[in-house]
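Engineer: just need the structure, nothing else, for what follows:
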Amino acid sequence: MIFEKLFKLQAAGTTVKTEILAGVTTFMTMAYILAVNPSILGMTGMDKSALFTATALGAVIGTLLMSLLANLPFALAPGMGLNAFFTFTVVLGMGHTWQFALTAVFLEGLLFILLTLTNIREMIINSIPMTLKHAVAAGIGLFIAFIGLQNAGIVVKNDAVLVGLGSLSEPKAIVTLIGIVITGILLVRNVKGALLIGIFGAALIGIPFGVTQIPTDSLMSLPPSLEPIFLKFEWGQIFSFDMLVVVFTFLFVDLFDGVGTLVGVCSKANMLTPEGKIPNVKMALLADAVGTTVGAALGTSTVTSYVESASGVAEGGRTGMTSLTVAVLFLLSLFFAPLFLMIPAAATAPILFIVGLFMMSPILKIDLNDFTEALPAFFTIIMMPLTYSIAEGIVFGMISFVIFKFFAGKTKEITWMMLLLAILFVLKHVIG
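Structural biologist: Numbers count the residues shown, from 1 in each chain. Alright, predicted model coming up:
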């Protein structure tokens, strides 16, 4: 069978049905990017219709590369946070054109390809201690559960105490809470496909509440043209100080967000090797790097591995067939945008909450009685949701790991790469 030969399903302990189901689940939890990315990047003056096409194609190419090169169940798309930096900092804040920002993303992608081919990115991943790898998984769990509750309006911004409880009488909050209960009951009853059923169940419940909007126009349409944003680079300032700062920031955030996602989800799925390494990691990183470079050419911000891939892994996805399914669905979304965009955030929020719980289990592998292990792990876990950044969680975890191991006299556990990264992280935050 072609899928068995291509993805080695039997060796991974999975089936075609499970992989497809996992892929559909992953897609449904991240399809929001098709609406959100054009909205955010569109504030720079970029054509929103063209951005929809670029977003979908960027996801297709990056995810397809992950599937065929790395045989891993991770989906890629233009990253949240990175698109906000593109719009609010580089363009609206620093006053540069969106063409300048796209050029920075393109240069970042080329640098990532170089760092990947020279194994530097792989060395960074392998330098992260097992304790922190388990902590990253747990931190991501809290982070995506927080994102889900925020998308539902259950957790809201509160000027007095930073965050607070939103109005539970709001329709989207009600739909999300019902969705959590439905999905939870399905899980308790060991129903296969509980997460995907939960998404569709919450979407249907959202119809009478006015949360799920039924499309009134045709469900099928031709993809908008890329012409307004395709290959629109600006080479005049590539040697400027601003370009250096912007490229470095894109590089830093993308590197550690991507690393965090790969490490955390692999840890949760027990896919790490006995040495704590990610299988086919070089190819996974190359897919990320090429995806970013091609995405910039298409006209979108940095393409990166999506933490929502954890939802597909939770459904049993273990191979590149999961990501192949996601890539096919993103390709179809180009022609059935109204149908795919019909699923509201309130319907995917319950899944992010439940997957957050699933991601917490590696915390059981952390030695909480050894403070040189427990403190860095806790820093990693707590800083991800509180700083709204996987990268910052890793930064605080690695710096504290070096500090506590050093003062405990356990310097042999500090690799030269860990020490170098910790110093660079400190300098980054000191210099600002």
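
Engineer: give me the low-pLDDT residue ranges for this protein?
Structural biologist: Along the chain, the model assigns pLDDT under 70 to residues 81, 219, 340-341, 432.

Engineer: tell me the centre residue of it?
Structural biologist: Tyr306 (2.4 Å; Cα atoms, centre = their mean).

Engineer: how about the helix or strand harbouring Leu195: buried residues?
Structural biologist: If you go by DSSP states H and E, Leu195 is part of helix 194-209. Within helix 194-209, the residues that count as buried by 16 or more other Cβ atoms under 10 Å are 194-196, 198-199, 201-203, 205-206. (Glycine included, C-beta is placed from N, CA and C.)

Engineer: related to what we said a few turns ago, okay but the residue nearest to the centre of the chain is in contact with Gly260, surely?
Structural biologist: No: checked against Cβ atoms under 8 Å, the pair Tyr306 and Gly260 is beyond contact range at 11.6 Å.

Engineer: that older thread, just the buried residues of helix 194-209 now: which is nearest Met418?
Structural biologist: Leu195 (35.8 Å; Cβ to Cβ).

Engineer: could you pull out the strands for this structure?
Structural biologist: Using DSSP state E, the strands of the chain run over 76-78, 155-158, 162-165, 303-305.

Engineer: and the longest helix for this structure?
Structural biologist: Scanning the chain for the helix with the most residues, using DSSP state H, yields helix 241-268.

Engineer: residues making contact with stretch 6-22?
Structural biologist: Here stretch 6-22 makes contact (Cβ atoms under 8 Å, 6 or more residues apart in numbering) with 3-4, 68, 71, 73, 192-193, 196, 312-313, 315-322, 324-325.

Engineer: try it again with 7 Å
Structural biologist: Stretch 6-22 is contacted from outside by 3-4, 71, 73, 193, 196, 312-313, 315-322, 325, using Cβ atoms under 7 Å, 6 or more residues apart in numbering.

Engineer: out of those, which end up buried?
Structural biologist: 3, 71, 73, 193, 196, 312-313, 315-322, 325.

Engineer: quick one: which of those residues sit in helices?
Structural biologist: Those of those mapping onto helices are 3, 196, 312-313, 320-322, 325, per DSSP H.

Engineer: mind listing what's buried along stretch 365-380?
Structural biologist: By neighbour count on 16+ other Cβ under 10 Å, the buried set for stretch 365-380 is 366, 372-380.

Engineer: run through who's touching it.
Structural biologist: With Cβ under 7 Å, 6+ apart as the test, stretch 365-380 has contacts from 131-132, 134-136, 139, 393-394, 396-397, 400-401, 404-405, 408, 410.

Engineer: now it - C-alpha only, PDB.
Structural biologist: C-alpha atoms of stretch 365-380 as PDB (Å, rounded to 0.1, in the frame of the first residue of the first chain):
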ATOM      1  CA  LYS A 365       8.500  12.900  34.200                       C
ATOM      2  CA  ILE A 366      10.100  15.900  35.900                       C
ATOM      3  CA  ASP A 367      11.900  15.300  39.200                       C
ATOM      4  CA  LEU A 368      10.200  17.900  41.400                       C
ATOM      5  CA  ASN A 369      12.400  17.000  44.400                       C
ATOM      6  CA  ASP A 370      15.500  18.200  42.600                       C
ATOM      7  CA  PHE A 371      15.300  21.900  42.600                       C
ATOM      8  CA  THR A 372      18.000  22.300  39.900                       C
ATOM      9  CA  GLU A 373      15.500  20.400  37.700                       C
ATOM     10  CA  ALA A 374      12.200  21.700  39.200                       C
ATOM     11  CA  LEU A 375      12.900  25.400  39.200                       C
ATOM     12  CA  PRO A 376      14.000  25.700  35.500                       C
ATOM     13  CA  ALA A 377      11.100  23.500  34.600                       C
ATOM     14  CA  PHE A 378       8.600  25.600  36.500                       C
ATOM     15  CA  PHE A 379      10.000  28.800  34.900                       C
ATOM     16  CA  THR A 380       9.500  27.300  31.500                       C
END
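
Engineer: and for Gly166, the neighbour number?
Structural biologist: Around Gly166 there are 18 other residues, counting by other Cβ atoms under 10 Å.

Engineer: run through the residues that contact it.
Structural biologist: Contacts for Gly166 (Cβ under 7 Å, 6+ apart) come out as 153-156, 173.
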